[in-house]
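This is a predicted model, with the sequence first.
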Amino acid sequence: MYNGNNKTACHSQQAIADALFDLLAQERYEKISVTEICTKANVSRQTFYSLFSSKENVIAYQLGRDEQYVPSRCQDHFFKNVCLDYSRYIMQEREMLAILYENRLLGLVQNMQMRHFLDCPDFLPDHDGLYRQYAASYIASGLLGIVRIYLENEDSLNEEELAAVITDLLSGAYLPSAS
């Protein structure tokens, strides 16, 4: 994926991402061709492949560009901020998450979340790399499950209620106390 600052290339990248998400709102991911994306974005296939390696790479670009949920920005009260910020992220990005859900592409969100956790210096700083990987995978999987249930239940909770559910589940508050 292109990561430079050339204005024309950056504009083309965003046009391609916008085109793909417009198409995803109308048809299944599997049926969308690179040619169709290029036509809608008004770019050539050569431009597409100079900026992205695949359609999946375009989605990863869009997820990374939005970056409304990046736990590395939560330095104080890391856990509480993760829960609040993730609830906010689900609410703000509901439409995009629903499109990804309908196209069975939420795994890309999980991969992004894992990367963000692992890149965050405040995420389990006293543990080794493998333990952090297990924890990041576990938490990202749980958060993704929460997204699925939220989308399947048509916005049944508001932001604060959803944050409380996330906090309870990630903290283990729902478990009977060990006595």
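Thanks, I have the structure now.

for this protein, what helix or strand is lowest in average pLDDT?
Ranked by mean pLDDT, DSSP states H and E, the weakest helix or strand in the chain is helix 78-92, scoring a mean of 81.

where along the protein do the helices fall?
7-24, 34-41, 45-51, 55-66, 78-92, 94-102, 106-119, 129-152, 159-171 (DSSP state H).

Return the list of helices and strands in contact with the least confident helix or strand of the chain.
For helix 78-92, the packing partners by 3 or more CB pairs under 8 Å, 6 or more residues apart in numbering; DSSP states H and E come out as helix 129-152, helix 159-171. No exception for glycine: its C-beta is placed from N, CA and C like everyone else's.

picking up where we left off before, would you reformat the helices of the chain as a markdown table and include mean neighbour count?
Shown next, in a markdown table, are those (neighbours: other CB atoms under 10 Å):
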| stretch | mean neighbour count |
| --- | --- |
| helix 7-24 | 17 |
| helix 34-41 | 17 |
| helix 45-51 | 16 |
| helix 55-66 | 18 |
| helix 78-92 | 19 |
| helix 94-102 | 17 |
| helix 106-119 | 18 |
| helix 129-152 | 16 |
| helix 159-171 | 16 |
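
any idea how far Gln14 is from the nearest residue to Ala15 once chain neighbours are set aside?
Of all residues not flanking Ala15 in the chain, Ala41 sits nearest, at 4.2 Å (CB to CB, 6 or more residues apart in numbering). Ala41 sits 9 Å away from Gln14, going by CB to CB, to the nearest Å.

do Met91 as well
For Met91, the distance to Gln14 - CB to CB - is 23 Å.

And the spatially most central residue of the chain, what's its pLDDT?
With distances taken as CA atoms, centre = their mean, Val109 lies nearest the centre of the chain, 3.3 Å away. Val109 is assigned 89 on the pLDDT scale.

wait, it sits on Val147?
Yes - assessed by CB atoms under 8 Å, Val109 is found in contact with Val147 at 7.1 Å.
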